[in-house]
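**Q** Coordinates for the following, if possible.
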Amino acid sequence: MTDPTNGNSQAGSRADDPMPQQTADGGASPAAAMVRNSDATLGSQSAQDLFSTEPSSSPDQRQARGKSERFTPVEQLYKSVSAEVAKIFVGQDELVLGTLTALFSGGHVLIESVPGLGKTLFVRTLGRVLGCDFGRIQFTADLMPSDITGAPVFDMQKSEFRFRAGPVFTQLLLADEINRSPAKTHAALLEIMQEYRVTIDGTSHVVPQPFLVMATQNPLESEGTYNLPEAQLDRFMFKLKVDYPTESQEAEILKLHSKQVNLNERLDTEIRTITDPETVRKLIQLCGTVNVEDALVDYINKIVRATRVWPAFHIGASPRAGLALMQCARTLAGFSGRDYAIPDDVVEVAIPALRHRVQLTAEAEIEGRDVDEELLAMIRGIEVPRD
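**A** Okay, the predicted model is just below:
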């Protein structure tokens, strides 16, 4: 996920650029700039670099394109949450923006990263800032579905069974190394992620909302792991790739977290709780009212359908991918204080929303092609709506 319009552009405009380079208001399109950059630097810079933790800017840094007072609370909350999280959690802008976008879009996030980058710290800090409960499950090969969902236990005093809720009954759930567990344990999350409930012995138990699953997997280790099936991958709104911090960010991490100070104390003293779950739920509903013009709906539809005929892809994206793009474009518009979505919002989330929903053909894998680069090339060929 990127935040467009930074001055770090490495390429100028090109006369043969296949994408329009102006937005409806006549300003330079960050989406077009992003595509120009990728076209000029594709040989030396991977697609992941363009959608990486070095974003061009954040939604609050974009040029104003018609603010709406109705969405000022969403914009202010986004800025406040990001500022509070940054007090303890350094860098990883893609992770922060992607997680907040998924949360306010009603989705979930799959994170691919090496260990030790502070994902647990981030979720704990985010839960504290939002006033939401935080839970963590360490997935292992012997983890059973009932270890996640909970199970009936016999109450000796009342001589009856009662349901004891599992760790999934929280609001921000970190599913650490989810690919360490077998498929039956993965399946335990399916109903919860989609329906926000757990069904035990014919009785449904609703999980508290807002509810966000952040699942992690280590890309470096394959021994003793179980690949997530396509059905479950499709349940995740984003797949975020988190890399090591920059040199300056890592130096800041060393200064902040090397003093042997109890983390709970730091969360209590340094982090403010600036909202509550009820307010978050209301703002999620408000983001759902952002206007998406028919031309932008058609643009989203073309992107999703193009994945099904792109020569390098064996499997294309499902209609759920289009819904994810629609919902996230609305949320990013809300983060910018707008009551309407623009093509830049769609382009910004296209790679994280699609990279786990497509599969390269055997020939493309042998040739060493990259999914992100193929998606970039595909998006470059789709005309951006001007109006």
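**Q** Point out where this protein drops to low pLDDT.
**A** In the predicted model of the chain, residues 1-66, 221-224, 387 satisfy pLDDT under 70.
**Q** tell me the centre residue of it?
**A** residue 98 (3.5 Å; CA atoms, centre = their mean).
**Q** Mind telling me what element it is part of?
**A** helix 93-104 (DSSP states H and E).
**Q** who does that helix touch, helix- and strand-wise?
**A** helix 72-85, strand 109-112, helix 119-130, strand 212-217, strand 238-241, helix 277-287, helix 319-335, helix 343-354 (3 or more CB pairs under 8 Å, 6 or more residues apart in numbering; DSSP states H and E). C-beta coordinates here come from the backbone N, C-alpha and C atoms, glycine included.
**Q** Dump the C-alpha coordinates for the fifth one into PDB.
**A** Included here for strand 238-241 are C-alpha records, laid out as PDB according to Å, rounded to 0.1, in the frame of the first residue of the first chain:
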ATOM      1  CA  PHE A 238      -5.000  -7.000   2.300                       C
ATOM      2  CA  LYS A 239      -1.800  -8.900   2.200                       C
ATOM      3  CA  LEU A 240       0.900  -6.500   3.500                       C
ATOM      4  CA  LYS A 241       4.600  -7.100   3.000                       C
END
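**Q** Go through whichever helix or strand comes after that strand and flag the buried ones.
**A** Using DSSP H and E, the helix or strand that follows strand 238-241 in sequence is helix 247-256. Residues of helix 247-256 classed as buried: residue 253 (neighbour count, 16 or more other CB atoms under 10 Å).
**Q** Grab the CA positions of helix 247-256 and hand them over as CSV.
**A** The C-alpha trace of helix 247-256 is given here as CSV (Å, rounded to 0.1, in the frame of the first residue of the first chain):
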residue,chain,number,x,y,z
GLU,A,247,18.7,2.8,9.3
SER,A,248,17.3,6.0,11.0
GLN,A,249,14.1,4.1,12.1
GLU,A,250,16.1,1.3,13.5
ALA,A,251,18.3,3.7,15.4
GLU,A,252,15.2,5.3,16.9
ILE,A,253,13.9,1.8,17.9
LEU,A,254,17.1,1.2,19.8
LYS,A,255,16.7,4.4,21.7
LEU,A,256,13.1,3.9,22.5
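**Q** Could you shift the numbering so residue one becomes 13, and keep it that way?
**A** Taking 13 as the first residue, the last one we looked at is helix 259-268.
**Q** quick one, it and helix 131-142 angle?
**A** If you take axes from the mean of the first three to the mean of the last three CA atoms, to 10 degrees, helix 259-268 sits at 70 degrees to helix 131-142.
**Q** Measure how far helix 259-268 is from the centre of its chain, please.
**A** A distance of 24 Å separates the centroid of the chain from that of helix 259-268, by CA atoms, centre = their mean, to the nearest Å.
**Q** what's next to it, contact-wise?
**A** Contact partners of helix 259-268, identified using CB atoms under 8 Å, 6 or more residues apart in numbering, comprise 100, 102-103, 130, 256-257.
**Q** for the residue nearest to the centre of the chain, what are its contacts?
**A** Residue 110 neighbours (CB under 8 Å, 6+ apart): 13, 121, 250, 252, 364.
**Q** Contact partners for the fourth one?
**A** Remark: with contacts taken as CB under 8 Å, 6+ apart, residue 252 is in contact with 13, 106-107, 110-111, 121-124, 364.
**Q** Return the distance of it relative to residue 279.
**A** 23 Å (CB to CB, to the nearest Å).
**Q** again with the third one
**A** When distances are taken as CB to CB, residue 250 and residue 279 turn out to be 26 Å apart.
**Q** How about residue 297?
**A** In terms of CB to CB, residue 297 sits 28 Å off from residue 279.
**Q** ok, those two, which is more surrounded?
**A** Between residue 297 and residue 279, counted using other CB atoms under 10 Å, the more crowded position is residue 279 (18 against 11).
**Q** returning to what we had before: out of the contacts of residue 110, who's nearest residue 244?
**A** residue 121 (13.2 Å; CB to CB).
**Q** list the buried ones in stretch 240-258?
**A** Buried residues in stretch 240-258 (16+ other CB under 10 Å): 240, 244, 246-255, 257.
**Q** how far does it stretch from start to finish?
**A** 30 Å (CA to CA, to the nearest Å).
**Q** May I see the buried residues of stretch 240-258 organised as JSON lines, with distance to residue 385 added?
**A** Listed next are the buried residues of stretch 240-258 as JSON lines, based on distance: CB to CB, whole Å:
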{"residue": "240", "distance to residue 385": "23"}
{"residue": "244", "distance to residue 385": "25"}
{"residue": "246", "distance to residue 385": "22"}
{"residue": "247", "distance to residue 385": "25"}
{"residue": "248", "distance to residue 385": "21"}
{"residue": "249", "distance to residue 385": "22"}
{"residue": "250", "distance to residue 385": "18"}
{"residue": "251", "distance to residue 385": "15"}
{"residue": "252", "distance to residue 385": "17"}
{"residue": "253", "distance to residue 385": "13"}
{"residue": "254", "distance to residue 385": "19"}
{"residue": "255", "distance to residue 385": "16"}
{"residue": "257", "distance to residue 385": "24"}
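**Q** from those, which two are the most distant?
**A** 246 and 257 (30.2 Å).
**Q** Contacts only, for residue 165.
**A** 173-176.
**Q** Let me know the closest of the residues you listed to residue 314.
**A** residue 175 (46.8 Å).
**Q** re earlier: for residue 272, state which of the buried residues of stretch 240-258 is nearest.
**A** residue 257 (20.9 Å).
**Q** ok, that closest one - contacts?
**A** Applying CB under 8 Å, 6+ apart, the residues contacting residue 257 are 65, 102-104, 129, 265.
**Q** And it, how far from residue 203?
**A** Residue 257 is 36 Å from residue 203, by CB to CB.
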